[in-house]
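> Structure for the following, please:
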Amino acid sequence: MDLQPAFKLIPGLSSSYSFFRGMAISMRANNERFQELAQRVTFLEDFVLKIQANGLDRKSHSVKNALEDLSRTLENTRRWMRKYSKFSRMKKVLKCAKYADRINYFERKLSDCFMFLSGNVMSTLGNEMV
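Residues are numbered from 1 along each chain as shown. Take a look at the predicted model:
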């Protein structure tokens with residue numbers, strides 16, 4: 001069913017439709033990014049467990065500090081993700097821009113922590129080989 005004729009008859013309906021359609025698309029994108037963030041958290045938790053299993057956190061102070069920073073970030077991310085998953089669909093639509101910013105923040109923070117940690121792990125392993 002084509003709604004364009006109805007939009008021409010009722011002033012402002014077209015812009016309202018476009019606005020809400022845009023918000024719905026943003027919410028759907030946020031949900032997809034939320035799922036990607038959940039996968040990243042799971043991957044990083046596994047990475048931390050492997051580092052601890054190999055004892056690298058005891059061999060290097062910098063690795064230990066990086067692990068602590070990543071652990072705090074993972075906990076904050078997990079806490080926010082639990083809260084986000086309980087929000088109503090309407091709240092997600094109305095605050096989709098705010099939630100997109102929050103997801104971006106966690107993605108950046110987790111990426112930074114991962115880069116710092118992996119660099120310290122490689123440095124520690126390199127020092128052991130020498």
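> name the element the residue sitting nearest the centre point of the chain belongs to?
Nearest residue to the geometric centre of the chain (C-alpha atoms, centre = their mean): Leu37, 3.7 Å. Assigned by DSSP states H and E, Leu37 falls within helix 13-53.
> Pull out the buried residues from stretch 84-101.
84, 92-93, 95-96, 99 (16 or more other C-beta atoms under 10 Å). Quick note: C-beta positions are derived from backbone N, CA and C, even for glycine.
> Going by neighbour count, list what's buried in whichever helix or strand comes after the helix holding Leu37.
From helix 13-53 onward toward the C-terminus, using DSSP H and E, the following helix or strand is helix 56-59. Within helix 56-59, the residues scored as buried using 16+ other C-beta under 10 Å are 56-57.
> which other helices and strands contact helix 56-59?
Contact here means 3 or more C-beta pairs under 8 Å, 6 or more residues apart in numbering; DSSP states H and E; on that basis helix 56-59 packs against helix 61-86, helix 96-129.
> pLDDT below threshold where in this protein?
Applying pLDDT under 70 to the chain flags residues 1-17, 19-20, 129-130.
> quick one on the thing from earlier: compare the helices and strands packed on helix 56-59 and give me the one nearest Glu45.
helix 61-86 (6.3 Å; C-beta to C-beta).
> other SSEs contacting that closest one?
helix 13-53, helix 56-59, helix 96-129.
> now that helix and helix 96-129, what's the angle there?
Per axes from the mean of the first three to the mean of the last three C-alpha atoms, to 10 degrees, the angle that helix 61-86 makes with helix 96-129 is 160 degrees.
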